[in-house]
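# turn this into a model:
(one chain, ligands or ions: 1)
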Amino acid sequence: MLSMKHISKSFATDNVVTHALRDINLDLGEGDFVSVTGPSGSGKTTFLNIAGLLESSTSGEYWLDGEDISKLDDKGRSRMRNQKIGFIFQSFNLIPDLNLFDNVDVPLRYRGFNASERKKRIEYHLDQVGLASRMKHLPSQLSGGQQQRVAIARALATSPRFLLADEPTGNLDSSMAQSVMSLLEDINANGTTILMVTHDNGLAARAKRQIFIKDGHAQELVQGQHHHNIHNLAAV
Ligand code: ADP
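Purely as a prediction, here's the structure:
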């Protein structure tokens, strides 16, 4: 369903070229839950941005549901992104002036759903994340963990096939992080494919597959083995 072949990304700034990603090869199937870890500056965000169609690669092929994304222009990429991908971020990115109902409504309005369909989806997804009784509350009236739950409801409202999460628990204390992770596991069990960048090795280990990125190279950790037995994706 998602396949990256020899994906590389470099940035050129003031004659300095940074190789953020080097020859990434990755195949994701329906229902995968993949965590991505690695040191700061290793290329994790760049990887997620390319996977999420927020950025294009410098070279390589990226196939999503049978379409070669690397051949699309900005407009084509944003169309695919809106159709297929939901995002959550460390900073939640909720709109402070809008109540929970209206926050979840934002992507639904953008996609042009009618009012009754929007209401149905908003109520369903706020209930799914345990916040159905708080629909008229503002984000500032919620805990961090609850705000991330709203962001998850918003990301799922348009029924994306992929959920991309960039440090979703980075701003949360450990018990809230655990409960957001459990929610992501439930969502994955219901069929949504998840790609999650995290600094938390304990949470990363709960994913079905683990990718470790270092200096722009990605390696897949084989289940039940330790770091020194990593399987080099670039060598597949
Ligand atoms: P991580 O998320 O693992 O901290 P990033 O993907 O943010 O790593 O960055 C990988 C490398 O690419 C770093 O050296 C970073 O400085 C560089 N980089 C990322 N984005 C840009 C950009 N827009 N312009 C120039 N260099 C960038």
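
# separation between the residue most central in space within the chain and the ligand?
When Cα atoms, centre = their mean is applied to the chain, the residue found nearest the centroid is residue 164 (0.9 Å). Distance, residue 164 to the ligand, using Cβ to the nearest ligand atom, to the nearest Å: 13 Å. From N, CA and C alone the C-beta is placed, and that goes for glycine too.

# against which helices or strands is the helix or strand where that residue lies packed?
Secondary structure from DSSP states H and E places residue 164 in strand 162-166. Secondary-structure packing of strand 162-166 (3 or more Cβ pairs under 8 Å, 6 or more residues apart in numbering; DSSP states H and E): helix 44-51, strand 85-89, helix 144-156, helix 174-189, strand 193-197.

# repeat that with 7 Å
Here strand 162-166 touches helix 44-51, strand 85-89, strand 193-197, going by 3 or more Cβ pairs under 7 Å, 6 or more residues apart in numbering; DSSP states H and E.

# and for the closest residue to residue 97 other than its chain neighbours, the neighbour number?
Computed as Cβ to Cβ, 6 or more residues apart in numbering, the closest residue to residue 97 that is not its neighbour in sequence is residue 138, at 7.6 Å. Look at residue 138: counted by other Cβ atoms under 10 Å, it has 16 neighbours.

# my guess is residue 138 meets residue 99, correct?
Yes - when contacts are counted by Cβ atoms under 7 Å, residue 138 is listed as touching residue 99 (5.7 Å).

# tell me the spacing between residue 155 and residue 193.
To residue 193, residue 155 is 13 Å away according to Cβ to Cβ, to the nearest Å.

# just the strands in this protein please.
2-13, 16-28, 33-37, 59-64, 67-68, 85-89, 162-166, 193-197, 209-214, 217-221, 231-232 (DSSP state E).

# tabulate the ones you listed (TSV), appending mean pLDDT.
Converted to TSV, those look like this (pLDDT from 0 to 100):
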stretch	mean pLDDT
strand 2-13	95
strand 16-28	96
strand 33-37	97
strand 59-64	95
strand 67-68	90
strand 85-89	95
strand 162-166	97
strand 193-197	97
strand 209-214	97
strand 217-221	95
strand 231-232	54
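
# save the ones you listed as a markdown table, and put in distance to residue 121 too.
Shown next, in a markdown table, are these (distance: least, Cβ to Cβ, whole Å):
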| stretch | distance to residue 121 |
| --- | --- |
| strand 2-13 | 24 |
| strand 16-28 | 25 |
| strand 33-37 | 23 |
| strand 59-64 | 23 |
| strand 67-68 | 26 |
| strand 85-89 | 12 |
| strand 162-166 | 16 |
| strand 193-197 | 20 |
| strand 209-214 | 29 |
| strand 217-221 | 35 |
| strand 231-232 | 39 |
